[in-house]
Every structure is written in C-alpha cells, then in structure tokens.
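K.L.:
Whatever this is, show me its structure:
(one chain, ligands or ions: 1)
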Amino acid sequence: MPPLTGREPCTTTYGFFLDDYNPHSGEVIAATTMCRRCPAIRACFIWALTNPALSTDGIWGATTPWQRRELRKRLRHRLGSKTMRRALVTEYAKALAELPGPGRPDGASA
Ligand code: SF4
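P.N.:
Numbers count the residues shown, from 1 in each chain. Coordinates of the predicted model:
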C-alpha cells in the first residue's frame, strides 16, 4: 500500500473491509466518500489495481473489489498485460511523487 501518514480516514476509522460491497449500500458509500477526501486516493487506487492479490478485499482508493476487477479486465483488454503493468507502475510512481510530504506544513508535494 502507499506510504500512509496516519491522516488517511482508513487509518483511524473502521468500515473499509465489509461483508457486502454493493456499491449502493450505505457502508460502501460512506467508505468511498471518505476515500474521496483522502490525499492518498490516487496512489491507493493505483496500488490496489497493481496488486490484486493484496487487495482482493476492502475499499481501496474509493473502489470496491468488483470495480477493481472490472477495471483491470478492461485495461488488460485495451493495453495487454505487459503494457498495463508498465503503465500502472509509471502512474504509481507519479502518484507517490504527488503525495503530501511528511512534515510539510503546507501539505504540498515534494
Ligand atoms: S483512499 Fe486509500 S488510503 Fe485513503 S482512505 Fe481510502 S483506502 Fe485509505
């Protein structure tokens, strides 16, 4: 997972690992709403897409397991496995670089 600061909602709140991931359920909507306010959402989302074996369960980057499976399937179909993997690695590096730096009072990227 991306390096977390402890300010991300999932580090202080339960409700990201659920029994039911119906996207219309109140629990999924609550978790994905918290993700959308999280500074790590982009890195988290790309990490989860890149690491399916480590993200089979849970809300990651405002997506459900089913949504990630579908996105991976579409990306693989469009790009092929190797290109998809390379693109995800590149995008993950960019997303990490955009994360607010630890201890930076303005929260700006490094
Ligand atoms: S985007 Fe990722 S790191 Fe942020 S709250 Fe959601 S699951 Fe946690």
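K.L.:
Quick check: the spatially most central residue of the chain vs Lys94, distance?
P.N.:
Nearest to the geometric centre of the chain sits Phe45, at 2.2 Å (C-alpha atoms, centre = their mean). Using C-beta to C-beta, to the nearest Å, we find Phe45 at a distance of 12 Å from Lys94. Any C-beta I mention is one placed from the backbone N, CA and C, and that applies to glycine too.
K.L.:
and the chain, which residues reach the ligand?
P.N.:
Contact residues, the chain versus the ligand (C-beta under 6 Å from any ligand atom): 4, 8-10, 16, 34-35, 38, 40-41, 44, 59-61.
K.L.:
and which of those residues is nearest Pro23?
P.N.:
Proximity of the residues of the chain next to the ligand to Pro23 (C-beta to C-beta) peaks at Ile59, which lies at 10.2 Å.
K.L.:
So for Ile41, what's the pLDDT?
P.N.:
Ile41 is assigned 96 on the pLDDT scale.
K.L.:
Might one say that it is in contact with Gly61?
P.N.:
Yes. Using C-beta atoms under 8 Å, Ile41 is in contact with Gly61, at 5.3 Å.
K.L.:
in this protein, which segments are predicted with low confidence?
P.N.:
Applying pLDDT under 70 to the chain picks out residues 102-110.
K.L.:
Tell me which other helices or strands the longest helix seen in the chain touches.
P.N.:
Assignment by DSSP state H gives helix 81-98 as the longest helix of the chain. Applying 3 or more C-beta pairs under 8 Å, 6 or more residues apart in numbering; DSSP states H and E, one finds that helix 81-98 contacts helix 41-50, helix 65-79.
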